[in-house]
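A.B. asks: need a 3D model of the sequence below.
(2 chains)
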Amino acid sequence: DIQMTQSPSSLSASLGDRVSLTCRASQNIGNNLNWYQQRPGKAPKLLIFVASSLQSGAPSRFSGSGSGTDFTLTISSLQPEDSATYYCQDSYNTLTFGQGTRLQIE
Amino acid sequence: QVQLVQSGAEVKKPGASVKVSCKASGYTFTGYHMHWVRQAPGQGLEWMGWINPNNGGTKYAQKFQGRVTMTRDTSISTAYMEMDNLKSDDTAVYYCARDVCSGTYCLDYWGQGTLVTISS
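C.D. replies: As a prediction, this is how the structure comes out:
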């Protein structure tokens, strides 16, 4: 089975910071990688699909990159509403999610 | 607008079954796969499987094969997820989610979630 490993597990940053979250797949998944944002008590929200395509309605400060086994979600300038947990997902085969990165705004 | 409205919270005893519904509106129900994802309290997301509402075809995560059945009723644009032989670690919020992508998978609209609690 494909394993998806996210780092860091948690992160604290300040308003306006640029942050990068990482996701590593245990085998090559091409560009078949999604990113979701989940705020407490809410359903997940799709941010990025096929590694780098911004979902309609998602803010342009979110961007995705990578291919193969290593992927990155970047937030260019942190806003208060970005406080959430972020999950990557293999969209190639097993549809496995990573364990999540909890992002807190200082 | 696209909406997925799920059935209400359930409390079940170990060994029982549960059936969660997901009513779709605002789009052509048969045009998009429907996925089910669960989240145990304080834990991450776990993909369970999908159903193709057009033909009823399904794919389940290996972990759930033989215990989960996904069905649909196209006349009322509703998908269902039934799980048998419930255990305490099945306590979770269960989500349905529409798959908008073609050739890959990506879940753009999600239901509000249904809390299923397993307790003796």
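
A.B. asks: thinking residue A:82 is in contact with residue A:102, fair?
C.D. replies: No: using CB atoms under 8 Å, residue A:82 is not in contact with residue A:102; the gap is 11.7 Å. To be clear about C-beta, it is placed using only N, CA and C from the backbone, and glycine gets the same treatment.

A.B. asks: so the two - more neighbours on which side?
C.D. replies: In terms of neighbours (other CB atoms under 10 Å in any protein chain shown), residue A:82 is the more surrounded of residue A:82 and residue A:102; the figures are 21 against 15.

A.B. asks: what residues are up against the more buried one?
C.D. replies: Applying CB atoms under 8 Å, 6 or more residues apart in numbering or on different chains to residue A:82 gives the contacts A:37, A:75, A:103, A:105.

A.B. asks: so which bits of chain B are right by chain A?
C.D. replies: Proximity of chain B to chain A (CB under 8 Å from any CB of the partner chain) is limited to residues B:35, B:37, B:44-47, B:61-62, B:95, B:97, B:101, B:104-108, B:110-113.

A.B. asks: returning to what we had before: pick the one among the contacts of residue A:82 closest to residue B:86.
C.D. replies: Distance to residue B:86 across the contacts of residue A:82 (CB to CB) is lowest for residue A:37, with 30.0 Å.

A.B. asks: distance of the most centrally placed residue in chain B from residue B:19?
C.D. replies: Nearest to the mean C-alpha position of chain B, counting by CA atoms, centre = their mean, stands residue B:36 at 3.3 Å. If you measure residue B:36 against residue B:19 using CB to CB, to the nearest Å, the figure is 12 Å.

A.B. asks: same question, residue A:29
C.D. replies: 33 Å.

A.B. asks: between those two, who's got more neighbours?
C.D. replies: residue A:29 (23 against 13).

A.B. asks: which residues touch that one?
C.D. replies: Residue A:29 neighbours (CB under 8 Å, 6+ apart): A:2, A:68, A:69, A:90, A:91, A:92, A:93.

A.B. asks: model confidence score at residue 17, please.
C.D. replies: Going with chain A. Looking at residue A:17, its pLDDT is 97.

A.B. asks: you answered for a different chain; I wanted chain B.
C.D. replies: Reported pLDDT for residue B:17: 98.

A.B. asks: and the gap between it and chain A?
C.D. replies: 24 Å (CB to the nearest CB, to the nearest Å).

A.B. asks: hmm, that residue is touching residue B:84, no?
C.D. replies: Yes: contact between residue B:17 and residue B:84 holds when scored by CB under 8 Å: they sit 4.8 Å apart.

A.B. asks: hang on, the earlier thing: need the contacts of residue A:82 in CSV (columns: secondary structure).
C.D. replies: As requested, these are exported to CSV (DSSP: H, G, I helix; E, B strand; the rest coil):
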residue, secondary structure
A:37, strand
A:75, strand
A:103, strand
A:105, strand
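
A.B. asks: closest one to chain B out of those residues, please.
C.D. replies: For the contacts of residue A:82, the minimum distance to chain B (CB to the nearest CB) is 11.6 Å, reached by residue A:37.
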